[in-house]
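**Q** Could you look at this predicted model? Sequence included:
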2 protein chains.
Amino acid sequence: MASQTRQWLLTNPPVADIKLSGDDATFSLVTKELPPVGPNQALVKTLYLSNDPAQRTWIQKDQDPERLYLPPVQKDTPMKAFGICEVVQSEAENLKKGDLVLTEANWTEYSVQDAAALRPVQPDPEHGIKPTHFLGSLGFTGMTAYWGLVDVVRTTASDTVVVSGAAGATGSMVVQIAKHLVGCKRIIGIAGSDEKCRWVESLGADTCINYKSKSFKEDLIKATEGYVEVYYDNVGGEILDLMLTRMKRHGRIAACGAISNYNNGNEKQISNWNEVIFNRIEIRGLIVLDAMPKMGEIMETLSKGVKDGKIKMTEESETIVKSKFEDIPSTWMMLFQGGNQGKLITQLV
Amino acid sequence: MASQTRQWLLTNPPVADIKLSGDDATFSLVTKELPPVGPNQALVKTLYLSNDPAQRTWIQKDQDPERLYLPPVQKDTPMKAFGICEVVQSEAENLKKGDLVLTEANWTEYSVQDAAALRPVQPDPEHGIKPTHFLGSLGFTGMTAYWGLVDVVRTTASDTVVVSGAAGATGSMVVQIAKHLVGCKRIIGIAGSDEKCRWVESLGADTCINYKSKSFKEDLIKATEGYVEVYYDNVGGEILDLMLTRMKRHGRIAACGAISNYNNGNEKQISNWNEVIFNRIEIRGLIVLDAMPKMGEIMETLSKGVKDGKIKMTEESETIVKSKFEDIPSTWMMLFQGGNQGKLITQLV
Ligand SMILES: NC(=O)c1ccc[n+]([C@@H]2O[C@H](COP(=O)([O-])OP(=O)(O)OC[C@H]3O[C@@H](n4cnc5c(N)ncnc54)[C@H](OP(=O)(O)O)[C@@H]3O)[C@@H](O)[C@H]2O)c1
Ligand SMILES: NC(=O)c1ccc[n+]([C@@H]2O[C@H](COP(=O)([O-])OP(=O)(O)OC[C@H]3O[C@@H](n4cnc5c(N)ncnc54)[C@H](OP(=O)(O)O)[C@@H]3O)[C@@H](O)[C@H]2O)c1
């Protein structure tokens, strides 16, 4: 039985860029004693880690806890992360050795957890549902996509929708939900390579535009001729700024993420603010935690979508990176380099 | 009878700053022949001009007409402006010499107008209602304040409201409507001098903060302790950026104006965009034209407010600048220099 665990601690909360090495490295690897497993607790081993851009916002230096939607990671404590773990030893009635659970695993090999914080995970091989899907399409990511698109900005079949980060975990779900569940009029993806764009189109986007292409601006203007009702924003920054000029009068923006800002400290971003006024744009920030009361309903809708073949969960919709424990930070960093298609998952080996 | 008129034309649509003189001056003064007065038309003389920051946005170089809420002013045509005029000669049944009318007077001494475009103005000396009030508190300005605060961001008595440009035409009405018609919990003004701030407080703000003071940021943070539900934004830019950090979770922002941007071309503005996401802020752009269907109702509410003594229309709530025709542009420019308190009106002398 494990009595020790390796952990990645947050040692230097970053202002801008993440540093993977050097004296001021953002994270550092330590080995810690594990506490004994008490009643109604379990010792779990981390199998898969969810990689989320939002984790970057949880570690921002001097982040005011009152202004974040969950407690920021404190200096010299384990890096927070969701994951799928296997129960190694259980002192809780409802859990047995070998069970798979979803939990706040953090960047740690083993952890002792309260049973109440462990959510059993039920794969369904018949429908191709694997454990990792509960970190992505059938987890917070899928819920975020559905909640933002349907509940927050009230997207309906008559809307044309643009979604950025379209080849990512959230964006690829937005595309599929918009196309196959809502039945939107037209869907335009934005992603970081031609290859990703072709995949986004295979999921149901009418077109997808590579924002790294020289002709991006013209391509987007052409694709949004007549303007669009809904923009689902996963990236913020320049793409958001450009999209302000492509919204229909009274258009709606779901402000879901701003990955382009997360590593750039306090840079100024928006030059087209007048568009918000002139064209009466409605912008709504969203955090998936607000969807909790509707979680059961949304999950049922998504599972049905999968079973009906409307939402695809193929090998292409996850980027599972087999990583040594030492490589957790560099695998996570792939998010900011566009290294993933669909959900980026670390499989600990 | 006038057969000629002086006019200010837009000769060099500006990219950033307005130029009042030189070869590339934004405006130029010309004299033009007046057309004959046809049936159902009237010749009118401009008495008062409304000065609106929005006029700056109507003349932006290369402004795409599709993205503005009314047709931009074309190069070499008269500068657009609303005004109160006196009928000099009428060929329309419902108008007679001496009548006062509200119309798109433009920066022109005399004009020949279709009677259908002239809205008769009825002052009410008993209640202190003067013709100029129909350009401000009882005109588009009052309507903008009411529509934005009550209809667009649904402000109720339980809300704390911050309003920028609080000593301006729109802002000073927002303060009074919030305090005396909606009955908001707490009202915090932001304005450009200590003197203006004291006036804003006399209108009903619980406190008003001078954004030109060195301690502005700390003062605002203190005044918004516990955060606020509603921000009525008249200025955009840095004050908006700071206010993003002072909004309550699920707070609402009325994006009414962005005067701090109007002369700075395409500068980037917002560094706190993450706040929109983390704190699920709702932002709604607004244009008073959307309030037209409710105009009668809103005007009745405001007039009643005046008659009940809840909305003050004193000498202090207008800055009436007696100007020669030659000085129209420089009087208008006072808007951007904070030279007005309440509605800035040009009285042609
Ligand atoms: N509000 C919420 O509750 C909530 C919940 C989950 C996620 N989110 C947000 O949603 C967004 C997507 O998250 P995710 O988990 O689905 O991650 P993801 O999209 O799977 O991965 C991040 C992707 O972002 C793109 N990217 C990286 N840097 C970029 C830049 N500078 N500009 C534009 N795109 C960039 C990359 O794809 P390319 O190759 O296309 O560049 C990368 O693959 C994030 O902003 C995240 O914070 C919000
Ligand atoms: N959306 C609509 O339908 C609509 C309708 C009417 C007006 N508006 C907008 O509402 C705002 C106010 O218009 P208004 O007609 O009532 O004008 P106003 O507030 O009476 O006059 C403009 C005031 O703005 C302030 N100001 C100037 N430059 C500034 C800067 N860089 N930063 C901060 N404040 C600055 C000045 O006061 P200080 O001394 O306080 O700086 C000035 O007195 C404008 O942005 C306008 O475009 C929108």
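**A** Perfect, I can see it now. Ligands and ions are numbered 1, 2, ... in the order given.

**Q** contacts and neighbour counts: CA atoms only from here.
**A** OK.

**Q** Give me the neighbour count for the residue in the stretch 1-150 of chain A positioned nearest to ligand 2.
**A** Relative to ligand 2, the nearest point of the stretch 1-150 of chain A is residue A:67 (25.2 Å; Cα to the nearest ligand atom). Using other Cα atoms under 10 Å in any protein chain shown, residue A:67 has 18 other residues around it.

**Q** wait, what's in contact with it?
**A** B:245, B:275, B:278-279 (Cα atoms under 8 Å, 6 or more residues apart in numbering or on different chains).

**Q** Can you name the residues of the stretch 201-349 of chain A sitting close to chain B?
**A** A:236, A:245, A:255-258, A:266-287 (Cα under 8 Å from any Cα of the partner chain).

**Q** Quick check: which of those are also close to ligand 2?
**A** Residues of those in contact with ligand 2 (Cα under 6 Å from any ligand atom): none.

**Q** Name the nearest of the contacts of residue A:67 relative to ligand 1.
**A** Using Cα to the nearest ligand atom, the contacts of residue A:67 come closest to ligand 1 at residue B:278, 7.2 Å.

**Q** pLDDT at the closest one, what is it?
**A** Residue B:278 carries a pLDDT score of 98 in this model.

**Q** partner residues bridging residue A:113?
**A** Residue A:113 has the following beta-bridge partners by DSSP bridges: residue A:42.

**Q** What sits closest to the residue in chain A that ligand 2 sits nearest to if chain neighbours are left out?
**A** Taking Cα to the nearest ligand atom, ligand 2 has its nearest neighbour within chain A at residue A:277, 6.2 Å off. Leaving out its chain neighbours, the residue that sits closest to residue A:277 by Cα to Cα, 6 or more residues apart in numbering or on different chains is residue B:285, at 4.1 Å.

**Q** dump the residue contacts of the one you found.
**A** Neighbour list for residue B:285: A:276-282, B:254-256 [criterion: Cα under 8 Å, 6+ apart].

**Q** Please report the distance of it from ligand 1.
**A** 22 Å (Cα to the nearest ligand atom, to the nearest Å).

**Q** circling back: got JSON lines for the contacts of residue A:67, with distance to ligand 1 and neighbour count too?
**A** As requested, the contacts of residue A:67 are exported to JSON lines (distance: Cα to the nearest ligand atom, whole Å; neighbours: other Cα atoms under 10 Å in any protein chain shown):
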{"residue": "B:245", "distance to ligand 1": "17", "neighbour count": "17"}
{"residue": "B:275", "distance to ligand 1": "11", "neighbour count": "21"}
{"residue": "B:278", "distance to ligand 1": "7", "neighbour count": "21"}
{"residue": "B:279", "distance to ligand 1": "10", "neighbour count": "23"}
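
**Q** farthest pair in those residues?
**A** B:245 and B:278 (10.3 Å; Cα to Cα).

**Q** Strands - which of the contacts of residue B:285 land there?
**A** Here DSSP state E is the test, and the contacts of residue B:285 give A:282, B:254-255 as lying in strands.

**Q** Quick one: low-confidence residue ranges for the stretch 101-250 of chain A.
**A** Along the stretch 101-250 of chain A, no part satisfies pLDDT under 70.

**Q** Run through the strands of it in chain order.
**A** Ranges of strands in the stretch 101-250 of chain A, per DSSP state E, counting those that start in this stretch, are A:110-114, A:119-120, A:160-163, A:186-191, A:207-210, A:228-233, A:247-255.
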